[in-house]
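Visitor: Quick one, fold the following:
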Amino acid sequence: MKEISDEFMMQMISQAKLYSVVLLRASDNYGTPESQPLVWEHARRNFALREEGLLAVVCPISDETELKGMGIFNADVDQTRLIMEGDPAVKAGIFTFEVHSARSFPGDCLPK
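Guide: Down below sits the predicted model:
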């Protein structure tokens, strides 16, 4: 592992920016035949939010837990909460969510 100096850490920390992290959870309405079209529209909306630069990272979670997704938004907590309240699957009670303020580094990305 590469050695990281205090100077490098201070430089990186000074570049950190506020983001919001969303944790998306399934409700009891998740997984029903009626929920599937709304989950599809939720995904379509996520692609649109990505295109607008608001949803920097989106990670659907496909294990057997109630946690169904995680997203990092390029927005503050209040704006992110409003965005999520407008989600069709949230409005239909298929998903619930929580929003957390977080700091990260502009330009970070998932490896290809």
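
Visitor: which residues of the protein fall in strands?
Guide: Under the criterion DSSP state E, strands of the chain are mapped to 17-26, 55-60, 67-73, 95-104.

Visitor: low-confidence ranges in this protein?
Guide: Filtered on pLDDT under 70, the chain yields no residues whatsoever.

Visitor: For the residue nearest to the spatial centre of it, name its beta-bridge partners.
Guide: Note on the chain: the residue nearest the mean C-alpha position is G71, at 1.1 Å, using C-alpha atoms, centre = their mean. Under the criterion DSSP bridges, G71 forms beta bridges with V22, V58.

Visitor: Can you check which helix is longest in this protein?
Guide: helix 36-51 (DSSP state H).

Visitor: Alpha carbons of it, as PDB, please.
Guide: Taking Å, rounded to 0.1, in the frame of the first residue of the first chain, the C-alpha atoms of helix 36-51 are listed here in PDB:
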ATOM      1  CA  GLN A  36     -42.800  -3.600 -10.800                       C
ATOM      2  CA  PRO A  37     -43.900  -0.800 -13.300                       C
ATOM      3  CA  LEU A  38     -43.200   1.800 -10.600                       C
ATOM      4  CA  VAL A  39     -39.800   0.300  -9.700                       C
ATOM      5  CA  TRP A  40     -39.000   0.500 -13.500                       C
ATOM      6  CA  GLU A  41     -40.000   4.200 -13.500                       C
ATOM      7  CA  HIS A  42     -37.900   4.800 -10.400                       C
ATOM      8  CA  ALA A  43     -34.900   3.400 -12.300                       C
ATOM      9  CA  ARG A  44     -35.800   5.500 -15.400                       C
ATOM     10  CA  ARG A  45     -35.800   8.600 -13.100                       C
ATOM     11  CA  ASN A  46     -32.500   7.600 -11.600                       C
ATOM     12  CA  PHE A  47     -31.000   7.600 -15.200                       C
ATOM     13  CA  ALA A  48     -32.400  11.100 -15.700                       C
ATOM     14  CA  LEU A  49     -31.000  12.300 -12.400                       C
ATOM     15  CA  ARG A  50     -27.600  11.000 -13.400                       C
ATOM     16  CA  GLU A  51     -27.800  12.800 -16.800                       C
END
